[in-house]
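Enquirer: after the sequence you'll find the predicted model.
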Amino acid sequence: MSRPQVRLLHGPLNSKILLPASKQYSIFHINTCVKNKPYEIFDHTADIGIRVKGKDLKELFKNAGLALFQISSRKQFTKNKKHTVITIKQKAENLEELFINWLNELLSLSAAKGLIFYNIKINKLEENSLEALCMASDIGNYKVHTEIKAATYHELKIEEIKEGWQVEVILDV
Amino acid sequence: MSESCPLEKIDDYRWRIPKSYKPGMRVPGIIYADEKLLKDIRQDKALEQVANVAFLPGIVKASLAMPDIHWGYGPSIGAVFATDPENGGVITPAGVGFDINCGVRLLRTDLKYEDIKDKIKDLVYALFSDVPSGVGSKGDIRVSAKEEKEILVKGAKWAVEKGFGTQDDLDCTEENGAMQGADPQAVSERAYERGKAQSGTLGSGNHFLEVQVIDQLYDADICDALNLNLGQITMMIHSGSRGLGYQVCEDYTRSMVHCLQKYNINVPDRQLACAPVNSNEGKAYLAAMKCAANYAWANRQCLMHLTRLTFERIFGAAWQKLGMSLIYDVAHNIAKIEKHSVGGKERDLCVHRKGATRALPAGHSDLPRRYKNIGQPVIIPGDMGRNSYLLVGQPGAEETFFSCCHGAGRLKSRAAALRSINADTLLKELVSQGIIVKASGRDTIVEEAPEVYKNVNDVVSVVDNAGIAKRACRMRPLGVIKG
């Protein structure tokens, strides 16, 4: 089967360190109370619902992408100092599809390559295409306490709000 | 939530959502529950999901929900529905779920509680150490790329050929541990990569290994036929197709979203993305889903092998001497083309079971010879603090396409559990009840606490009273290994 285009800038596990540790995003645990978190968790019987905000669509996509890893893992070690930068390109027929494909591509790459994404730069975002630079560190440096299998369309809501944009999405765990 | 959903009482264990509830429903919804369970079922959006499934083209008879029903994505968990491929019937990856062929198997042993009561802690810690578990866990069973494809076609038979079990195990596995028609070409490279090195690993979330003791017999004749008795030790294994299955579901949901427009299909939830069973897209998904299902059966076979080896080490005897034979292995997330009688005529239907177990009655032609007289063993795990059950399929299951519940069913969200339950207190409580728990993470223990589940005793009582499956015996947990 054909897959959406994913370009590895420096190879999946052998890339150079592109960002100093100080520039990495903090990884917050699900139970930790953190002020100004760009997402919150809402109740869903079997799975996890997250509500994410962003000042614009680019920030919304970035915050939602990072939230996947912030709610499922916690940095614990520095066993492997290598960092990986991956360019993700996605195409879709509409914004909702683009959003779900984007989150699922991050989850899939994370599981397949053994990476945790800690920073994202959305270079291009249109209603039906996206290009993002995603920075990741080896999964061995993290304690992954929740396995997110996928993001779903069920009750997906992307809407413009007073402060920018908001999305509600249910993740299968 | 689902308070506004109309429900008509059929009898004490059956409730109908009329077809008139939502324009577009092709059949009614039928929920198997009693008044007590229904109160909880109404608290989330599961009933709306039962109604949504009724929109699917080619759906036959009704959109069914078992008593462990709860809110999922697309269909609810505990959903059973069948579509007729000859009448435009569709197949939807959401009707199977991301963890394709998540399922459970039950092993008996000749050991009695008295034989193991002083060794339970050693056994639990040894199992935790010998069986890889946790998110993204990788196992010692390494296979080449060529062998990976072989696993997807041969399923549990691959493991048996490697020496990880016997022909007897395959006889006691649904589909003999491999669905025919699996096509490794229909599986993406990413799926292979995501599932790599995960054979023989438990995974995480609600997956578990459990050391149990039989604490109640309901039907002595059936238990005799299964060689089971009070005080006897059993082992339950719950796992699925790991990363490979998730990716197959994701790949085909991604492509089937476009089939909605292509085949002019109207569904109220895009997660119900689907395609006609007989379309190229439908056939490709089914061929890939079978690969993931076979991978899961191979995985549970490997997990059972590791479990048997651990018992050999702890009890100093070969597993055959310990009487560790497989009672049965059932899938509870799967779609299958099966023969069913509709309006007096036999039809090939695409039966989706998402959080539901097949339950064949005595005499059914698909049963292995040893179970022809008693019916198919139906394994229902409960939560880590209460009970699990072994049932057998009954003739009444014809109305559910020979399907039954798959567990207790969640009651509370994981987030709610993390807010309200303390791991240390919970572990102490479980120890005071004689239950030792070992898990990869403390969050998992809290998220899987007994109180987040419905009482399995209530759930099983409904399927028994409705004539779908009959209770044979009940087990209680002694030791639990969580991923």
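Expert: Cool, got the structure. Numbering: from 1, shown residues only, chains lettered A, B, ... in the order given.
Enquirer: measure residue B:224 to residue B:473 for me?
Expert: As defined by Cβ to Cβ, to the nearest Å, residue B:224 lies at a distance of 11 Å from residue B:473. All C-beta atoms are positioned from the backbone trio N, CA, C, and that covers glycine.
Enquirer: now the strands for chain A?
Expert: Read by DSSP state E, chain A holds these strands, from start to end of the chain: A:6-8, A:39-43, A:48-54, A:73-75, A:83-91, A:115-126, A:129-138, A:142-144, A:150-161, A:164-172.
Enquirer: can you lay out these as a markdown table showing mean neighbour count, distance to chain B and mean pLDDT?
Expert: As requested, the strands of chain A are exported to a markdown table (neighbours: other Cβ atoms under 10 Å in any protein chain shown; distance: least, Cβ to the nearest Cβ, whole Å; pLDDT from 0 to 100):
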| stretch | mean neighbour count | distance to chain B | mean pLDDT |
| --- | --- | --- | --- |
| strand A:6-8 | 14 | 9 | 41 |
| strand A:39-43 | 16 | 4 | 91 |
| strand A:48-54 | 20 | 6 | 95 |
| strand A:73-75 | 20 | 9 | 92 |
| strand A:83-91 | 19 | 10 | 96 |
| strand A:115-126 | 18 | 11 | 97 |
| strand A:129-138 | 20 | 12 | 97 |
| strand A:142-144 | 20 | 4 | 91 |
| strand A:150-161 | 18 | 4 | 97 |
| strand A:164-172 | 21 | 5 | 96 |
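Enquirer: need these in TSV (columns: distance to residue B:319).
Expert: Converted to TSV, the strands of chain A look like this (distance: least, Cβ to Cβ, whole Å):
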stretch	distance to residue B:319
strand A:6-8	45
strand A:39-43	43
strand A:48-54	39
strand A:73-75	37
strand A:83-91	44
strand A:115-126	39
strand A:129-138	38
strand A:142-144	33
strand A:150-161	37
strand A:164-172	35
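Enquirer: closest to residue B:360 out of these?
Expert: strand A:164-172 (29.2 Å; Cβ to Cβ).
Enquirer: hmm, back to that, who has more neighbours out of residue B:224 and residue B:473?
Expert: Set residue B:224 next to residue B:473 and count neighbours by other Cβ atoms under 10 Å in any protein chain shown: residue B:473 wins out with 23 against 12.
Enquirer: tell me what that one is bridged to.
Expert: residue B:217, residue B:390 (DSSP bridges).
Enquirer: which of the strands of chain A sits closest to residue B:466?
Expert: With distances scored as Cβ to Cβ, the stretch of the strands of chain A nearest to residue B:466 is strand A:150-161 (28.3 Å).
Enquirer: pull the CA atoms of the closest one into CSV?
Expert: What follows is strand A:150-161, C-alpha atoms only, in CSV (Å, rounded to 0.1, in the frame of the first residue of the first chain):
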residue,chain,number,x,y,z
ALA,A,150,-5.0,6.1,17.1
ALA,A,151,-7.0,9.3,16.8
THR,A,152,-10.6,8.9,15.7
TYR,A,153,-13.2,10.9,13.8
HIS,A,154,-15.9,10.0,16.4
GLU,A,155,-17.3,13.3,17.8
LEU,A,156,-14.4,15.3,16.3
LYS,A,157,-15.0,19.0,16.5
ILE,A,158,-12.7,21.6,15.0
GLU,A,159,-14.0,25.1,15.6
GLU,A,160,-13.0,28.8,15.6
ILE,A,161,-13.4,30.3,19.0
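Enquirer: for the closest residue to chain A within the stretch 51-200 of chain B, give me the pLDDT.
Expert: At 3.7 Å from chain A, residue B:73 is the closest residue in the stretch 51-200 of chain B, using Cβ to the nearest Cβ. The score at residue B:73 is 94. That number is its pLDDT.
Enquirer: and for the one 10 residues further on?
Expert: Looking at residue B:83, its pLDDT is 98.
Enquirer: in this structure it contacts residue B:61, no?
Expert: No. In this structure, residue B:83 is not within contact of residue B:61 by Cβ atoms under 8 Å, at 10.4 Å.
Enquirer: for the stretch 301-450 of chain B, which residues are neighbours of chain A?
Expert: With Cβ under 8 Å from any Cβ of the partner chain as the criterion, the stretch 301-450 of chain B meets chain A at residues B:410-416, B:418, B:441, B:443-444.
Enquirer: how does it look with 6 Å?
Expert: Applying the criterion Cβ under 6 Å from any Cβ of the partner chain, the portion of the stretch 301-450 of chain B that neighbours chain A consists of B:410, B:413, B:415-416, B:418, B:441, B:443.
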